[in-house]
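Colleague: Next one to model:
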Amino acid sequence: MSEPLKLGTRKSSLAMAQARAVAEAITARSGREVELVGITTYGDTTKAALAQIGGTGVFVNALRDALLEGRIDLAVHSLKDLPTTQPDGLVIAAVPRREDPRDAL
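Modeller: Below is the predicted model of the structure:
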């Protein structure tokens, strides 16, 4: 039996729910178990306003580093938080089906 895939995600309720949905889809299609790995990002801990620190990457850098260092196998992000370019070796490999777009305030 192979080791479970380690899926990195932020620890927020929304991020964990999104990651669980991806993990379930991976397991359903591949039979491979997926372990969620909660990662705290700078954006989660800073008290500074995003406008002050430049919002690009503050919610994803820790996840990116975990991927590049091999601590996780894949990561789930909100696309809006990703920088427009990715470092060498990383790709956006999949985008899940969109939820109901009418669910907005």
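Colleague: from here on, contacts and neighbour counts on C-alpha atoms
Modeller: Will do.
Colleague: and the residue most central in space within the chain, how far is that from Leu14?
Modeller: Centroid check for the chain by CA atoms, centre = their mean gives Val76 as the closest residue, at 2.4 Å. Computed with CA to CA, to the nearest Å, the distance linking Val76 and Leu14 is 11 Å.
Colleague: Likewise for Lys6?
Modeller: Taken as CA to CA, the span from Lys6 to Leu14 is 18 Å.
Colleague: Low-confidence ranges, the protein, go.
Modeller: 1, 54-56, 104-105 (pLDDT under 70).
Colleague: what's the helix or strand for Met16?
Modeller: Per DSSP states H and E: Met16 is located in helix 13-30.
Colleague: which residues are contacting that helix?
Modeller: For helix 13-30, the external contacting residues (CA atoms under 8 Å, 6 or more residues apart in numbering) are 7, 9-10, 32-36, 38, 76-78, 96.
Colleague: okay if I get the residues you listed as TSV plus distance to Ala62?
Modeller: Putting these into TSV (distance: CA to CA, whole Å) gives the following:
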residue	distance to Ala62
Leu7	13
Thr9	10
Arg10	9
Arg32	25
Glu33	23
Val34	20
Glu35	18
Leu36	15
Gly38	11
Val76	12
His77	12
Ser78	14
Pro96	22
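Colleague: Just the ones of these in helices?
Modeller: Nothing among those maps onto helices, per DSSP state H.
Colleague: biggest separation within the residues you listed, which pair?
Modeller: Largest separation among the contacts of helix 13-30 by CA to CA: Arg32 and Ser78, giving 23.4 Å.
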